[in-house]
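S.K.: Any chance you could fold what I've pasted below:
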Amino acid sequence: MPFLRSIAGRREQRILTPFLDVDQLWHRYQASQWSLQNISFQLPAGQLLGLLGPSGCGKTTLLRLIAGFERPTHGVIAIDGREVASSQRWLTPERRGVGMLFQDYALFPHLSAWQNACFGLKPTDDTARVSWLLELLGLAGLSLRFPHELSGGQRQRLALVRALAPNPQLLLLDEPFSNLDVDVRLRLRAELPRVLRECGVTAVMVTHDPEEALAICDQVAVISNGLWHQCAPPRELVGAPATGFVARFVLQANVMQPTELLPLLSSQQKEALARLGGLEGSALLVRLEDGRLEPNPGGFAEVISREFLGHQWLYQVALNPRQRLRLKVGLEQDIAPGQRCDVSLQGCWTPQLIPCQAEEPEAPLRPIPRA
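M.R.: Here you go, the predicted structure:
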């Protein structure tokens, strides 16, 4: 089919080219505080980028800026080498070649599945791509049904078909799985990378779920309060978090000052810490799996709570009135909340320094004039 050949050609042409280029992007709503501060990144063609962070951190704002629903206060956005937003140029959303999958899917209830899927096409466009997408996503036999006659997972697939039908260069997904049951969400998120590869589409997905982002994204960008903490492949992000926020939010790990950690260390670990330079302005990473607990009525720590995870306990332990530690340990270490215990770190633990927080960028002196 012609559209399949065009997808293959586009994939070969752009495989080594940064497809989405965001440079020194700042944004705020009227006179409010900055919602995004000095965001810069490049996304290669064909990759899926996950925008990860808590609610209200600026993820959806960044998505809306790329789509063209908001104008940046400063900075440049380029798609496939073409500026779509800058001080000299502004392209409306329909001229950017961008598809959007909204959190609530935004399907038209009075249109059938086929009519919804074809909604973004021009009258002269070939509908063969729509048929192919419906088959690709397992909806080929449901074309005549209306949205209320579809399950939640089927509505999500139909919204994805509609977003991909006009053959967009870039697909933006705003928490696409948040409204689905756990089983359906896991199945559909596993299918998303395959569908994007089949369509040859570059994509950006907003999520607040670290597990979701790490599971399927080629790169994960972590945002907090409009600040860009780190953007890296999942394994690099997990292995070397750039800030304390990344460690806490993505890994759910403990970030501790060296003095707070000393009571947990063996003599060898204390020696390794003493040999480590650059402690000032940094903290130490203690992952959930790094600790051990031993029941001791006279111990220096107290179990505050525990959660059963199937094969492990997740403990929250108070080391002192101000410092708490979260640890995953085996089921054999069975200590009830309220009991005292001793806490130590595994013998394989080695000090890993991370900055305490992301550096606050300096705000621009004056707004860039709009075209």
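S.K.: Determine the set of other helices and strands touching the longest helix along the chain.
M.R.: The helix spanning the most residues in the chain, taking DSSP state H as the definition, is helix 182-199. Helix 182-199 sits against strand 48-52, helix 128-136, helix 152-164, helix 210-216, with contacts defined as 3 or more Cβ pairs under 8 Å, 6 or more residues apart in numbering; DSSP states H and E. Bear in mind the C-beta positions are built from the backbone N, C-alpha and C, glycine included.
S.K.: residue closest to the middle of the chain?
M.R.: Central residue check for the chain by Cα atoms, centre = their mean: the C-alpha nearest the mean position is that of residue 52, 2.8 Å away.
S.K.: Dump the helices and strands packed on helix 182-199 into CSV; add mean pLDDT and distance to residue 276 as well.
M.R.: Listed next are those as CSV, based on pLDDT from 0 to 100; distance: least, Cβ to Cβ, whole Å:
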stretch, mean pLDDT, distance to residue 276
strand 48-52, 97, 29
helix 128-136, 93, 52
helix 152-164, 92, 48
helix 210-216, 95, 27
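S.K.: okay if I get those as JSON lines plus distance to residue 349?
M.R.: Listed next are these as JSON lines, based on distance: least, Cβ to Cβ, whole Å:
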{"stretch": "strand 48-52", "distance to residue 349": "26"}
{"stretch": "helix 128-136", "distance to residue 349": "47"}
{"stretch": "helix 152-164", "distance to residue 349": "42"}
{"stretch": "helix 210-216", "distance to residue 349": "22"}
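S.K.: do you know how far the residue nearest to the centre of the chain is from residue 250?
M.R.: Computed as Cβ to Cβ, to the nearest Å, the residue 52 to residue 250 distance reads 7 Å.
S.K.: now do residue 219
M.R.: Distance from residue 219 to residue 250, by Cβ to Cβ: 13 Å.
S.K.: For the closest residue to residue 133 other than its chain neighbours, give me its contacts.
M.R.: Nearest residue to residue 133 in three dimensions, chain neighbours excluded: residue 161, at 4.5 Å (Cβ to Cβ, 6 or more residues apart in numbering). Applying Cβ atoms under 8 Å, 6 or more residues apart in numbering to residue 161 gives the contacts 117, 130, 133, 134, 137, 139.
S.K.: again, but for residue 256
M.R.: Counting by Cβ under 8 Å, 6+ apart, residue 256 makes contact with 283, 284, 286, 323, 325.
S.K.: looking at it, the third one is touching residue 254, isn't it?
M.R.: Yep, that's residue 286 we're talking about. Yes. Look at residue 286 against residue 254 with Cβ atoms under 8 Å: they come within range, at 4.1 Å.
S.K.: Can you work out which residues contact both of those two?
M.R.: Residues within reach of residue 286 and of residue 254 at once, by Cβ under 8 Å, 6+ apart, are residue 325.
S.K.: Quick one: the helices in the stretch 251-371 of the chain, in order.
M.R.: Here the stretch 251-371 of the chain has its helices, by DSSP state H, counting those that start in this stretch, at 258-261, 267-275.
S.K.: How far off centre is stretch 145-153?
M.R.: Relative to its parent chain, stretch 145-153 has a centroid offset of 28 Å by Cα atoms, centre = their mean, to the nearest Å.
S.K.: Now it: buried residues?
M.R.: Buried residues in stretch 145-153, defined by neighbour count with 16 or more other Cβ atoms under 10 Å: 146, 147, 150, 153.
S.K.: from the residues you listed, which is closest to residue 107?
M.R.: Nearest to residue 107 out of the buried residues of stretch 145-153 is residue 147 (Cβ to Cβ; 4.4 Å).
S.K.: In contact with that closest one: list those residues for me.
M.R.: 107, 108, 109, 111, 113, 116, 155, 158.
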